[in-house]
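>>> no FASTA, just this:
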């Protein structure tokens with residue numbers, strides 16, 4: 001059985017003095033057996049995808065045998081500099097410079113990457129093709145399916161609703177293939193007095209729809225990213241689980257899809273930060 005590495009090192013959450021442990025999203029907090037809630041869900045997702053999932057928070061894993069993995073699933077927080085630095089809310093070793101290069105070499109050789117939520121901060125522009133622009137409060141929003149033929153979302157319909165604290169982005173590059181678009185607040189009616197400041201507000205959904213999940217392929221490198229995944233209830237959601245489950249075979253190269261860049265056609269106002 002092929003193996004996939006699920007990597008979850010986090011660096012940007014602060015310690016909660018009352019709990020005496022890292023204040024992390026609940027799906028990441030280690031349980032008594034050392035596995036987090038998301039670890040356990042990912043292992044089950046892997047079984048349904050026909051792969052064995054190895055879970056690690058230790059950046060030294062990238063100095064080891066990467067040939068054993070057919071793909072990688074990341075849910076990390078922090079920039080590249082932070083993930084390569086000593087600070088960690090989990091007390092785990094960082095990724096080394098050599099380990100980072102070995103990861104990129106593995107991706108260039110055809111091992112895919114499925115990236116979840118905060119991972120977008122890791123080499124944002126060059127790896128993910130955008131810049132993070134904050135998030136607002138938790139709220140239910142629509143996820144609009146823009147490519148119903150892409151394996152990760154095949155069969156889930158035209159849209160679905162889910163609750164999260166939704167990430168916003170800016171500086172989208174033109175080489176993204178949009179899979180899901182973020183449902184946003186409607187524009188004000190014509191002639192209405194603006195109730196928001198004219199400048200863009202980080203995290204605001206008072207803007208046109210923009211990509212919330214996308215595929216990006218350069219050479220043999222395959223990347224799938226979704227903004228979902230911050231809440232335990234999201235990890236329990238069968239739609240979210242199915243998206244990750246079906247993204248893994250695409251990332252491994254077992255399933256083909258047309259990932260022609262289409263952001264300009266599908267979400268033409270993606271870089272417009274307010275109505």
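That came in fine, so what should we check first? Because the structure is predicted, anything quoted here is derived from the model rather than measured.

>>> Contact partners for the closest residue to residue 128 other than its chain neighbours?
In this structure, residue 128 finds its nearest non-sequential neighbour in residue 120, 5.2 Å apart by CB to CB, 6 or more residues apart in numbering. C-beta: built from backbone N, CA, C; applies to glycine. Shown in contact with residue 120 (CB atoms under 8 Å, 6 or more residues apart in numbering): 128, 130, 132, 167, 169, 225, 227.

>>> Tally up the residues packed near the second one, please.
Residue 130 is surrounded by 24 other residues when neighbours are defined as other CB atoms under 10 Å.

>>> Ok, the last one next?
Using other CB under 10 Å, residue 227 has 26 neighbouring residues.

>>> mind checking how far it is from residue 165?
Distance, residue 227 to residue 165, using CB to CB, to the nearest Å: 10 Å.

>>> To what extent is residue 229 buried, counted in neighbours?
Neighbour count for residue 229, taken as other CB under 10 Å: 21.

>>> With residue 131 instead?
Neighbour count for residue 131, taken as other CB under 10 Å: 15.

>>> Which helix in this protein has the most residues?
The single longest helix within the chain, with elements called by DSSP state H, is helix 238-252.

>>> avg pLDDT for that one?
The average pLDDT within helix 238-252 is 98.

>>> how about the helix or strand that that helix is followed by: buried residues?
Going down the chain from helix 238-252, the next helix or strand is helix 263-266, by DSSP states H and E. Across helix 263-266, burial judged by 16 or more other CB atoms under 10 Å covers 263, 266.

>>> Name the surrounding residues that touch helix 263-266.
If you take CB under 8 Å, 6+ apart as the criterion, helix 263-266 is touched by 146-147, 172-178, 181, 211, 214, 270.

>>> Kindly recompute the last result at 10 Å.
129-130, 144, 146-147, 172-179, 181, 209-211, 214, 270-271 (CB atoms under 10 Å, 6 or more residues apart in numbering).
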